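>>> Sequence first, then the predicted structure, then my questions.
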Amino acid sequence: MKKIVLIVVGLFVAVVAFSGCGYNSMVKLDEDVKTKWNQVETQYQRRADLIPNLVSTVKGAAKFENETLTNVIEARSKATQITIDPDKLTEENIAKFQAAQGQVTQALGKLMVLTENYPQLQATQQFSDLSAQLEGTENRIAVARKDFNDSVQIYNTKVRSFPNNLTAGIFGFSQKAGFKADAGSQNAPTVAF
């Protein structure tokens, strides 16, 4: 009986020792996910900060397109109100954030299509500069989202792997959600000439 108790205690100590090593790495990976999430939010904020200048520039040239401009402003307002605590990166929270940002993307897309009807607007340096900054920001957003998803994948793999999953369960490390492709993105766009 003593041997069985010693074996069980020995196994328990071994599991705790192995999983204890995983604790520090889980903390590090969790902090990396939070840092990457902050970068995502920073890039979306950069885009939100560009929108008022873009709207003001377009407003002067496209006086009769108030509905489109209003939609952009409203989408920006809704999107900036949605924030997520990095400790609560659940699928539901990420989906809400992504949906709000998707509305901004759609509204900006309509605004940019609208500007094609105003060649004098496209010829201005201010509009050209803002368009270039917006395009660069969209690229930064894509990179930040990819980096965040990569970080989430590494973290989730660690949290789910044995014996780290034991430590994760004991200390409350749970899986985090990443960004998913927008609905319909698997379909190729239709191009007609």
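It's in.
>>> I'd like the distance between Tyr23 and Ala99.
When distance is defined by CB to CB, to the nearest Å, Tyr23 is 35 Å away from Ala99. C-beta: built from backbone N, CA, C; applies to glycine.
>>> Same check on Arg160?
Counting by CB to CB, the separation of Arg160 from Ala99 is 27 Å.
>>> What of Val5?
55 Å.
>>> out of these two, which sits in the busier spot?
When Val5 and Ala99 are compared for neighbours, Ala99 comes out ahead with 14 against 9, by other CB atoms under 10 Å.
>>> host element of that one?
Assigned by DSSP states H and E, Ala99 belongs to helix 91-115.
>>> what comes up buried for the helix or strand bottoming out on mean pLDDT in the chain?
Least confident element among the helices and strands of the chain, by mean pLDDT, DSSP states H and E: helix 119-122 (a mean of 79). Buried residues in helix 119-122, defined by neighbour count with 16 or more other CB atoms under 10 Å: Leu121.
>>> Now do the next helix-or-strand element following it and helix 91-115, the angle between them.
Toward the C-terminal end, the helix or strand that comes next after helix 119-122 (DSSP H and E) is helix 125-160. If you take axes from the mean of the first three to the mean of the last three CA atoms, to 10 degrees, helix 125-160 sits at 160 degrees to helix 91-115.
>>> helices and strands around helix 125-160, which ones?
helix 2-61, helix 91-115, helix 164-171 (3 or more CB pairs under 8 Å, 6 or more residues apart in numbering; DSSP states H and E).
>>> Show the contacting residues for Val171.
Not Val; residue 171 is Phe. Residues counted as contacts of Phe171 (CB atoms under 8 Å, 6 or more residues apart in numbering) are Tyr23, Met26.
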